[in-house]
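# kindly generate the corresponding structure for this input.
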Amino acid sequence: MNAGDAISISSGEDDKETYNERRTVLTSAISSVVEALGGLEGGAYRLGDECYGCLKDLKKYWRKDDTDDERTVARIFWKTRVLPNDLIPILLATAGNGNFEDKRAIACVDLMTAMTWPIDLAEELQELDEVEDKGTDYTELLGSHLAYKAALLKPEVMRTLLGIMLSCLAKTSKERNQRDTQVVHVVLYLLRNLAFIKDLPANMFLSADQAEHSSLQTRFIKLLQEAQFFDVLLTAASSSLAEPIFNASNTLVLDIFYLLFRGVKPTILAVNQVKEPARNLQRLLAAESQRKQTLSRNTSTRHSRFGTTVVVTINPKKPSNSDPEGDDSPSTQKLLLHRQQAISSDAGMLLDMTSSKRAKAQKTKKIDELGREDNLSIEAKLALQDVAKKFIESCFNPFLESLLKDIRAERPKITEKDNLRLLYVAKWFLEFFQAQRIQEPDTPLAYGLVAEVTDRNWIVWVLKRMRGAVEDKPKQWNELQAGIDCLTQLILLIEAMAASDEAEVADAAQTLQHQVIYNGEILDISLDSIKAYKDGTQSLAYLDSSVNLAYSLLRMLERWGKKGGTGEMYVRKRAKKKAKHKRNTEGMEVPDVEEEEPPEPEEEVIHETMFTFDAFEARFANPDVCQTLLAYLARYKEFTSPESMKRVVNLLHRQAVKAKAEGLFFNVSTLNLFKGILSEQKSLPRDQAHKDLVALVNFILRKFFKAVEEDSFVAVQAFFPKTRGHWKELSSWEPEKKSGKGGRTVEDTRFPPDVQVKKGYTWSQQLGIAMACLTKDGKQNLIDWVKEILMMVIGIRQRIIEDTDGSSSKSAEQEDNMEVGDIDEDELRAKMAQNGPSNDAMAKFQDYLIPYTSDEHADAACKNPHLKLMFRLIEFFILDEDAEELEWYVPASILPSSMQRSLNVINQFLENPLDLNGDDPKSLLQQKRRRRVRRRRSPSVSGNDNASGDDSDAPRRKKKEKKKKETKEYKSAQYIEDSDTDEAAMQAFFEREKALRQRMMLASEASGKVATMKSSGTKKRRKNAGKKKRKRGDESDMDEGAAEPPEAQPGSDADDDEPSDIFGGDVEPEAPPPPRPRPKPRPLAKKPAPKAASASPPGSSPKSSSLAPANGETGGMSDDDVPIVLDRPNKKKVMVISDDED
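Residues are numbered from 1 along each chain as shown. As a prediction, the model looks like this:
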């Protein structure tokens, strides 16, 4: 075997021998150095000749502990008692005599600071090796720190330390060097170390020395006040923005304040400390009386001396299987109870009290990892109260600003613990500030003294730290708790400002409330923090902080909603980040490092959603939130103030009553907790919070037993965990009418939901089912109304077709080869119906607005789902879905043949109803999903009701109309062709018209009738037929608008000199258009070109007007003059619409 392959095996005894050898060597060396420091001579300490060199050697020895987990040098220092016996006398012998800049005094302070450096026990234990450092004990080191603190807490020592510090601060900034700054830091570090050392718990059975160590913090605070150290610390805090030396030490001042004030609650420190002993005595007497009452209810009576024995049989109904020896099986085990309570009380509860499960030590719970309870005297509390007031009045804003500035700049002096301590200190002084305002209402502190916490930079930093604490692995629960407390005090501060009588303060509070709500992150934190609590993971202080934040935020939002009157606003919401999918790189070439591009940072997407208080309150109806609140309520016996009970009862009430989520409490564990509360109802305090608790418990129990009566399976479900949404089935909760995306759309609930026929039926069968539903409801008159509408629209459009296509050139062209006497009107109409209406006739069709001739029709058209189904099946449409009263119309694109088919089907089913095989026609229907309408923001209150700016949708509507107009004008101008450019088409048209006139004249001579007169008359037109208006129920308008000739339609040149296209857009022709023939003579303005006018009989068609003499002449017109009059129809003839846009 090679020498390098040898395995070294060492036992624990070898390690112990090595340690002993090392300690022996160091002990002799350190002892010789300590002896050379000096000693007592004649009752006074005399310094050695090489005192300064020995102090430097001791510091070198101390540095050896940096790599020693056993802290050997520290243990030797404690054994030699070098600090009380040598370092303190040397300090007093040098700097105590006024020589504050003596090197030996500064070296002593440096060594004292190193010897009292805090020991982070949790961190030290994590770094220990399980095998090598198995016997490491830190009890001796912690005890040495207490002894060091007791030795340093002397008035002369504190005055000497202050003198050393002031000698450096007294220099001007030019005279001051880096060493002076280091000396100031060393003294502050020593004060920080002394404040960190925790006292022993107060115990009346301790020895005199141990009892002294239980009140060291009180002595330390009193000495700081007597030596005027507090004034120096306050000066450093207030000048941290202006003085570089104080700015460099602001983190040390922060540590000192954190360690001093975390031992006392701000609410206790703000009250009058003179009366505090009497209040404490009264509190203790009340607790003792309550304990006696509880014991008197459960204790045995005077007859208990006769004894009591009760036999309890487990599972008595099960058959007893006894073995031959007579021992009972476990299923029928018998237990004896020798308590008198077993006669009247629940035997199961007594068994639980005596069982081994109760005997086991419960898992210790963390109380508070941030604060601690110091046993301070009244004098110490008064000193801290005075410092706290001065700090708020002169130091709070600049001190927080300087620290936040250094943190954001990432200075090297900033550590992770500084963030946590800054959060805690800010929270502590905010709570003290508000408690002080309550205690002194006559002379309250101004809100401007704490204005820094309302600054945007501060709030953003707090939220950033809380976000980072949650995202860290493992999660930083202590920092998250400090952030929660800070936000809670901020909310309480805003709420107090909102109730202020000063207008400026109230306005500022309202602005802050809007910012808090709009930010949205604080709302999410309040919910997530209370949901994240798990018993044993976080401390009880975290539980109390999360409950307090939720209670305070909900109360502020509720008051804001009531005061503002709206309760709605938009909030920011971060979009969830998409999960990144890892790409499969197998089989792919690995690129060089230089070719890799850094990943692009993801942009943070933030949306705005509508916020309402009711919706936010409903979010707390969550099983995780409920479990957290019940865990908090289970500690009701430990509550020290009614405020704690008030918070939890308020949140439980919001869940069970306001959110109607009583099903969350239908669990056996919860019911057992409620049972215990009701059993101790008489011993509960008599304040209102506990009365509300009992009332809430009774309400939930009534709901539970009512649910059991309706469904007995609910009792079984109480034994099993429920899924996330299962509680909704057990509660009186109703689904919320959810809004659409962004909270801008809601369901339209103005009218009953529409229905539709189930799948599997043809169109005619669906129409028959709708008619059957109306007939069954006795609404036969509605079917007749539908028939009247169809017949009316068919007649109107048929007349338009006859007026347009009956004399159209198309029919003439088709009949070129027919003789005049062979023309049959019925054949011509049948042929036209077969080919369909022409494009000219369809262009004259208009939407027919269905008139409501009675209130019954109007109500049925809006609310009768079966009539609306019938309307949809025969292709009727709604004009405006958002109108208060629905208006139906028949689109212009529906042909008379399609409506005639619908009418025939309706008549057929009226004669022979659809055979449904005895089924209910309504059973063949199903509800349609409700449409969603855009929620409009409420218009702003303004004195001008007609102002268009009040409508929030006005810009959107104007933009839409503008776009529509632009598109319309563009399409109109795109497809207009100039008729003057096509000479061949014009000449062919004139030739056809000439031949038609000749045939008509021959037919007139043969029959003796006017050639242009029809066999049946038409309706007389109004004079102002060109002004087309669509009115409900005005049939004459519809008929006239539909039967008008092209010359009288709106947008033509009949009434205006300016031409326009067929889509309503203005067109600039190259030459002015020739005059158009008119149905009646009317005076014309003088024009350069002669205008033609014609007078036709009322019953004549537009074509007849083109054959009448112009300008009042009765004869002499040749065929060559006719094209001048017919130029306008020819122009319309050649207008083309693209097939793509049809």
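
# burial count for residue 628?
Neighbour count of residue 628, defined by other Cβ atoms under 10 Å: 24. From N, CA and C alone the C-beta is placed, and that goes for glycine too.

# ramachandran angles for the closest residue to it other than its chain neighbours?
Among residues not flanking residue 628 along the chain, residue 533 sits closest, at 4.5 Å (Cβ to Cβ, 6 or more residues apart in numbering). Main-chain torsions, residue 533, degrees, to the nearest 10: phi -70, psi 130.

# could you do residue 47 as well?
phi -80, psi 150.

# pLDDT score assigned to it?
Looking at residue 47, its pLDDT is 88.

# what is it paired to in the beta sheet?
residue 38 (DSSP bridges).

# what sits against it?
Residues near residue 47 by Cβ atoms under 8 Å, 6 or more residues apart in numbering: 37, 38, 90, 93, 94, 104.

# as JSON lines, those with neighbour count would be great.
Formatted as JSON lines, the contacts of residue 47 follow (neighbours: other Cβ atoms under 10 Å):
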{"residue": "37", "neighbour count": "25"}
{"residue": "38", "neighbour count": "21"}
{"residue": "90", "neighbour count": "25"}
{"residue": "93", "neighbour count": "20"}
{"residue": "94", "neighbour count": "24"}
{"residue": "104", "neighbour count": "19"}
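
# determine which two of those are furthest apart.
Spatially, the most separated pair among the contacts of residue 47 is 37 and 94, at 12.3 Å (Cβ to Cβ).

# the residue nearest to residue 628 and residue 468, how far apart?
Separation of residue 533 from residue 468 (Cβ to Cβ, to the nearest Å) stands at 19 Å.

# the more surrounded of the two?
With neighbours defined as other Cβ under 10 Å, residue 533 and residue 468 compare such that residue 533 has more, 22 against 16.

# which residues touch that one?
Residue 533 sits next to 542, 543, 546, 628, 631 when contact means Cβ under 8 Å, 6+ apart.

# now do it against residue 44, distance only.
Going from residue 533 to residue 44 by Cβ to Cβ gives 62 Å.

# now do the end-to-end distance for stretch 466-477.
In terms of Cα to Cα, to the nearest Å, the two terminal residues of stretch 466-477 are separated by 9 Å.

# actually stretch 610-623, not the one I typed
Start-to-end, stretch 610-623 (Cα to Cα) is 24 Å.

# also stretch 906-925?
In stretch 906-925, first residue to last residue: 19 Å (Cα to Cα).

# next, count neighbours for residue 798.
19.

# quickly find the element holding it.
Using DSSP states H and E, residue 798 maps to helix 780-805.

# other SSEs contacting that helix?
Judged by 3 or more Cβ pairs under 8 Å, 6 or more residues apart in numbering; DSSP states H and E, helix 780-805 is in contact with helix 763-776, helix 825-835, helix 839-843, strand 848-849, helix 855-863, helix 865-873, helix 896-911, helix 1035-1043.

# which of the ones you listed has the lowest mean pLDDT?
Looking at those, the bottom one is helix 1035-1043 with a mean of 40.

# any idea which helix or strand carries the nearest residue to residue 180 once chain neighbours are set aside?
Spatial nearest neighbour of residue 180, excluding adjacent residues (Cβ to Cβ, 6+ apart): residue 168 at 3.9 Å. Per DSSP H and E: residue 168 is located in helix 155-169.

# packing partners of that helix?
So helix 155-169, by 3+ Cβ pairs under 8 Å, 6+ apart, packs with helix 88-94, helix 103-115, helix 178-196, helix 216-226, helix 229-238.

# now do that helix: everything it contacts.
Everything outside helix 155-169 that qualifies as a contact, by Cβ under 8 Å, 6+ apart, is 88, 91-92, 95-96, 98, 100-101, 105-106, 109, 176, 180-181, 183-184, 187-188, 190-191, 223-224, 226-229, 232, 245.

# cool, stretch 466-484 as well?
Contacts for stretch 466-484 (Cβ under 8 Å, 6+ apart): 369-370, 419-420, 423-424, 427, 462-463, 465, 487, 521, 525, 528-529, 537-539, 541-542, 545-546, 549.

# of those residues, grab the buried ones for PyMOL.
A single PyMOL command is used to select the members of these judged buried by 16 or more other Cβ atoms under 10 Å:
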select buried, resi 370+419+420+423+424+427+462+463+465+487+521+525+529+538+539+541+542+545+546+549
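
# helix, strand, or coil at residue 460?
helix (DSSP: H, G, I helix; E, B strand; the rest coil).

# pLDDT score for it?
Predicted confidence (pLDDT) for residue 460: 92.

# residue 561: which of the contacts of residue 533 is nearest?
Among the contacts of residue 533, residue 546 lies closest to residue 561 (Cβ to Cβ), at 22.7 Å.

# which strands or helices does the host helix or strand of residue 524 pack on?
According to DSSP H and E, residue 524 maps onto helix 521-531. Packed against helix 521-531, as judged by 3+ Cβ pairs under 8 Å, 6+ apart, are the following elements: helix 456-471, helix 477-498, helix 540-564, strand 568-574, helix 623-633.

# just say which of the ones you listed is most tucked in.
Looking across the helices and strands packed on helix 521-531 with neighbours counted as mean count of other Cβ atoms under 10 Å, the highest average goes to helix 477-498: a mean of 23.

# what average pLDDT does that one get?
On average, helix 477-498 scores 93.

# now swap in stretch 333-345 and tell me
67.

# just for the stretch 701-850 of the chain, where's the confidence low?
Under the criterion of pLDDT under 70, the regions of the stretch 701-850 of the chain flagged as low confidence span 723-724, 736-750, 807-835.

# and if we set it to 80?
Low-confidence segments of the stretch 701-850 of the chain (pLDDT under 80): 721-728, 731-751, 805-836.

# residue boundaries of the strands in the stretch 301-450 of the chain?
Ranges of strands within the stretch 301-450 of the chain are 310-313, 334-337, based on DSSP state E, counting those that start in this stretch.

# what helices and strands are in contact with the first one?
To tie it back to what came earlier, the one meant is strand 310-313. Packing partners of strand 310-313 (3+ Cβ pairs under 8 Å, 6+ apart): strand 334-337, helix 347-354.

# got the buried residues for the helix holding residue 168?
157, 158, 159, 160, 161, 162, 163, 164, 165, 167, 168, 169.

# got the angle for that helix vs helix 178-196?
150 degrees (axes from the mean of the first three to the mean of the last three Cα atoms, to 10 degrees).

# tell me the angle of helix 155-169 relative to helix 229-238?
Angle of helix 155-169 versus helix 229-238, following the same axes, to 10 degrees, is 30 degrees.

# that older thread, let me have the helices and strands packed on helix 521-531 in TSV, extended by distance to residue 437.
Output for the helices and strands packed on helix 521-531, formatted as TSV (distance: least, Cβ to Cβ, whole Å):
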stretch	distance to residue 437
helix 456-471	20
helix 477-498	7
helix 540-564	16
strand 568-574	29
helix 623-633	28
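
# quick one: closest of these to residue 751.
Closest of the helices and strands packed on helix 521-531 to residue 751 is strand 568-574, at 24.9 Å (criterion: Cβ to Cβ).

# rewinding a little: in CSV: the strands of the stretch 301-450 of the chain, plus mean neighbour count and distance to residue 656.
Listed next are the strands of the stretch 301-450 of the chain as CSV, based on neighbours: other Cβ atoms under 10 Å; distance: least, Cβ to Cβ, whole Å:
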stretch, mean neighbour count, distance to residue 656
strand 310-313, 13, 36
strand 334-337, 12, 37
